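*Asks:* show me how the following folds:
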Amino acid sequence: MEVRLKFLGGAQSVTGSKYLLEIDNYNLLIDCGLFQGLKQLRSRNWEDLPIPADQIDAIILTHAHLDHSGYVPRLVKQGFSGKIHCTESTADLLEILWKDSAKLQEEEAEFIKKKGYSKHKNPLALYNQKDVEASLPLVKTEKFNQSIELTDAIRIKFYPAGHILGASIVEIIVKGDSQEKKIVFSGDLGRESDPVLFPPTVINSADILLLESTYGNRSNDVTTIREELKTQILENIDEGIIMIPAFTVGRTQNLLFYLNDLIQSGELPKVPVYLDSPMAISVTALYEKHDAEHRLSDKNIFNADNFHYIKEQTHSKALDALKKRAIIISASGMLTGGRILNHLFHRGPNKNDTLLFVGYQAEGTRGRDILEGKKQVKIYGEEVAINCKCVKIDGLSAHADQKELINWFKNIKDSPKYTFVVHGEKDAAEVLKSHLSETGASNIIIPNYLESFELFQGI
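*Replies:* Residues are numbered from 1 along each chain as shown. As a prediction, the model looks like this:
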């Protein structure tokens, strides 16, 4: 039996995770994400994969974030018809995220067409709602910690990763004629002491490991988050409105947790908090459905009387009238789309308002540009001045930091045959590789995009 691995994404970049595992004639795709950020990365979304979609036998999704799942409807559109294996809560999130992704892409294509930006006469969306509707019936839900047979020679198991609801570490057992081999995909690993989710499952052995490296070159001290959030709000809330761009899954719910805690303790005034994201509202409701996956015992945390959930566009627009002493949380977290752009368009020029970053900003995004000091960004085809105060809180991340990644890796008793450092920008991956080498690990590889490796032969 021969086992090969090809990197179709997530190699020296934080987005586009796609790993093709070829086990003899069986083609298994682990994660199927969209490229985001830099234009040169986003353009890959329009390129055909090096394997025809109808030759992929199955897909395994570590979690629902679009950089891990968002390419699936495109692949279905191209002819994929196999099963998509994921956890139950991931499946619930996929329906929300895919539908929103298709909607945004259709709207963007129509906007580009009207403005005449495209060289194409009729610019199209990468996929549409029909493609999403065709994809959802292919999703097969699996439970955590239960072995699933894909074939006589391939078993998979999902372990909690602590990153977002449903996020998984995926173990793949390949059974040859004489021996078994274990391939482990870390997916995105969560924090050791996240206040909402449980820590990632400890893995003790792996013959092959793919380890994420989003924060491989930095530390995010979770113990300072609460105080930093309080400080930034107290310093700015009386001057204007605080805008917080936040990922709809995970980051938004952690923010609501901290804000509720600070207000209930009397450390923050009871100011109105507006969650202006229909998708984030839908995701927040899933925390009650999947209550075994998180630490929250008080189900009223997300229903505080000063939390206002904004669903209608007209109500969102009405927030423009607010002058001070209010917090607006909205998506997208990297300012690449969504209602947060409406608020930034309106409030970016206002020196009294504050843009508070609480999450990772990928290269090529508006968020990264603003953090690096850009004083004008283009929104809706217009240049918008960024005069508002821009601040960032570190630590409020759903990703393990450098220390946590190394600690998690150290639980593997014997060094894997290969450890591939993935899902990180090049600098982060290289720093993490250096630290892993110091633990005594060998054969640590930072793969290139589209690079292939022979993992096993004749097992």
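*Asks:* CA atoms for contacts and neighbours, from now on please.
*Replies:* Will do.
*Asks:* list the contacts for the residue nearest to residue 160 when sequence neighbours are not counted?
*Replies:* The shortest distance from residue 160 to any non-neighbouring residue, by C-alpha to C-alpha, 6 or more residues apart in numbering, is to residue 168 (4.8 Å). Neighbour list for residue 168: 62, 63, 87, 158, 159, 160, 161, 162, 186, 187, 188 [criterion: C-alpha atoms under 8 Å, 6 or more residues apart in numbering].
*Asks:* which of these fall in strands?
*Replies:* 87, 158, 159, 160 (DSSP state E).
*Asks:* please tell me how far the first one sits from residue 39.
*Replies:* Yep, that's residue 87 we're talking about. Note on residue 87: its distance to residue 39, by C-alpha to C-alpha, to the nearest Å, is 32 Å.
*Asks:* which one's more surrounded, those two?
*Replies:* Applying other C-alpha atoms under 10 Å to residue 87 and residue 39 shows that residue 87 carries more neighbours, namely 25 against 12.
*Asks:* wait, isn't that one in contact with residue 166?
*Replies:* Yes. With contacts counted by C-alpha atoms under 8 Å, residue 87 reaches residue 166, the gap being 5.7 Å.
*Asks:* mind listing what's buried in stretch 269-287?
*Replies:* Across stretch 269-287, burial judged by 16 or more other C-alpha atoms under 10 Å covers 270, 273-284, 287.
*Asks:* revised request: answer the last question for stretch 317-326.
*Replies:* Buried positions in stretch 317-326, judged by neighbour count with 16+ other C-alpha under 10 Å: 319, 324, 325, 326.
*Asks:* so what touches it?
*Replies:* Residues outside stretch 317-326 that contact it (C-alpha under 8 Å, 6+ apart): 237-242, 271-274, 343, 346, 353.
*Asks:* export the residues you listed as TSV, with columns for distance to residue 153 and secondary structure.
*Replies:* Formatted as TSV, the contacts of stretch 317-326 follow (distance: C-alpha to C-alpha, whole Å; DSSP: H, G, I helix; E, B strand; the rest coil):
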residue	distance to residue 153	secondary structure
237	59	coil
238	63	coil
239	63	coil
240	61	coil
241	57	strand
242	54	strand
271	58	coil
272	56	coil
273	52	strand
274	51	strand
343	53	helix
346	57	helix
353	58	coil
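*Asks:* which of these sit farthest apart?
*Replies:* 271 and 346 (20.9 Å; C-alpha to C-alpha).
*Asks:* roughly how far does the residue nearest to residue 4 when sequence neighbours are not counted sit from residue 72?
*Replies:* Leaving aside its chain neighbours, residue 4 sits nearest to residue 454 (4.5 Å; criterion: C-alpha to C-alpha, 6+ apart). Distance of residue 454 to residue 72, computed by C-alpha to C-alpha: 26 Å.
*Asks:* neighbour count for these two, which is higher?
*Replies:* When residue 454 and residue 72 are compared for neighbours, residue 72 comes out ahead with 25 against 11, by other C-alpha under 10 Å.
*Asks:* test my guess that that one contacts residue 45.
*Replies:* No. Contact criterion C-alpha under 8 Å: residue 72 and residue 45 do not qualify, at 11.1 Å.
*Asks:* list the contacts of residue 91.
*Replies:* For residue 91, counting by C-alpha under 8 Å, 6+ apart, the contacting residues are 64, 139, 141.
*Asks:* which of these ranks first by neighbour count?
*Replies:* residue 64 (30 neighbours).
*Asks:* quick one: it and residue 95 touch, right?
*Replies:* No. The pair residue 64 / residue 95 is not scored as a contact, 9.3 Å apart, by C-alpha under 8 Å.
*Asks:* buried residues, the lowest-mean-pLDDT helix or strand in the chain. List them.
*Replies:* Least confident helix or strand of the chain, by mean pLDDT, DSSP states H and E, is helix 88-115 with a mean of 89. Within helix 88-115, the residues that count as buried by 16+ other C-alpha under 10 Å are 88-106, 108-110, 112-113.
*Asks:* and for stretch 291-306?
*Replies:* By neighbour count on 16+ other C-alpha under 10 Å, the buried set for stretch 291-306 is 293, 294, 296, 301, 302.
*Asks:* assign residue 68 to helix, strand or coil.
*Replies:* Following DSSP: H, G, I helix; E, B strand; the rest coil, we place residue 68 in the helix state.
*Asks:* just for the stretch 251-400 of the chain, where's the confidence low?
*Replies:* 299 (pLDDT under 70).
*Asks:* show me where it has its strands.
*Replies:* In order along the chain, the stretch 251-400 of the chain carries the following strands (DSSP state E, counting those that start in this stretch): 273-275, 307-309, 326-330, 354-357, 376-379, 382-385, 389-392.
*Asks:* domain-wise, how is the protein divided?
*Replies:* Split into domains by automatic domain parsing, the chain comes to 2-218+398-457, 222-392.
*Asks:* out of these, deepest packed?
*Replies:* Compared across those, domain 2-218+398-457 shows the largest average neighbour count, a mean of 19 (mean count of other C-alpha atoms under 10 Å).
*Asks:* need the distance between the two termini of that one.
*Replies:* End-to-end distance (C-alpha to C-alpha), domain 2-218+398-457: 4 Å.
*Asks:* what's the answer for stretch 192-205, then?
*Replies:* Termini of stretch 192-205 sit 19 Å apart (C-alpha to C-alpha).
*Asks:* re earlier: among the buried residues of stretch 317-326, which pair sits farthest apart?
*Replies:* The two members of those with the most space between them (C-alpha to C-alpha) are 319 and 325, at 12.1 Å.
*Asks:* quick check: phi and psi at residue 10.
*Replies:* Residue 10 adopts backbone torsions of phi 70, psi 20, taken as degrees, to the nearest 10.
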